[in-house]
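In: Sequence and computational prediction follow.
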Amino acid sequence: MKKFVVLVLAFCMLLSLVAVASAESDIVVAYMAKNTVDAFHATLNGAAKEALDALKEDGTIKDWQLYDGLTDPITQVNLIEDAINNGANFVVFLPA
């Protein structure tokens, strides 16, 4: 339940960027999923995809990318580094 609350808060923070985003935003979001295979996280990932696609479509964010953490903390740390190196300036993180 705590992870769900954190996810909701992260999306609220992301949506608050609407007020400060320009028409052509430079915001790149990295969505770090715990995994992409179990039913619970597949549901969360689907909701995140819909929300992030909508933000991209209306110009609030420039782009977003899904990273699969494979339920492994070490993999997640490496993927966060990759996301930052790939230009992400906002990370939605579901820890393993």
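Out: Yep, that arrived.

In: tally of neighbours for I74?
Out: Look at I74: counted by other C-beta atoms under 10 Å, it has 10 neighbours. Placement of C-beta: from N, CA and C, glycine included.

In: Please identify the buried residues of the helix or strand that contains it?
Out: Using DSSP states H and E, I74 sits in helix 73-85. Within helix 73-85, the residues scored as buried using 16 or more other C-beta atoms under 10 Å are 75-76, 79-80, 83.

In: SS state for V92?
Out: strand (DSSP: H, G, I helix; E, B strand; the rest coil).

In: Am I right that it is in contact with K49?
Out: No - contact criterion C-beta atoms under 8 Å: V92 and K49 do not qualify, at 11.3 Å.

In: Mutual contacts of those two, please.
Out: Y31 (C-beta atoms under 8 Å, 6 or more residues apart in numbering).

In: in this protein, what spans have low per-residue confidence?
Out: Judged against pLDDT under 70, the low-scoring parts of the chain cover residues 5-10, 12-23.

In: is the most centrally placed residue in it in a bridge, and if so with what?
Out: Per C-alpha atoms, centre = their mean, the C-alpha nearest to the average position across the chain is that of Y31, at 2.4 Å. The partner list for Y31 in beta bridges (DSSP bridges) reads L66, V92.

In: what sits against it?
Out: Counted by C-beta under 8 Å, 6+ apart, Y31 has contacts 45, 48-49, 52, 64-67, 91-92.
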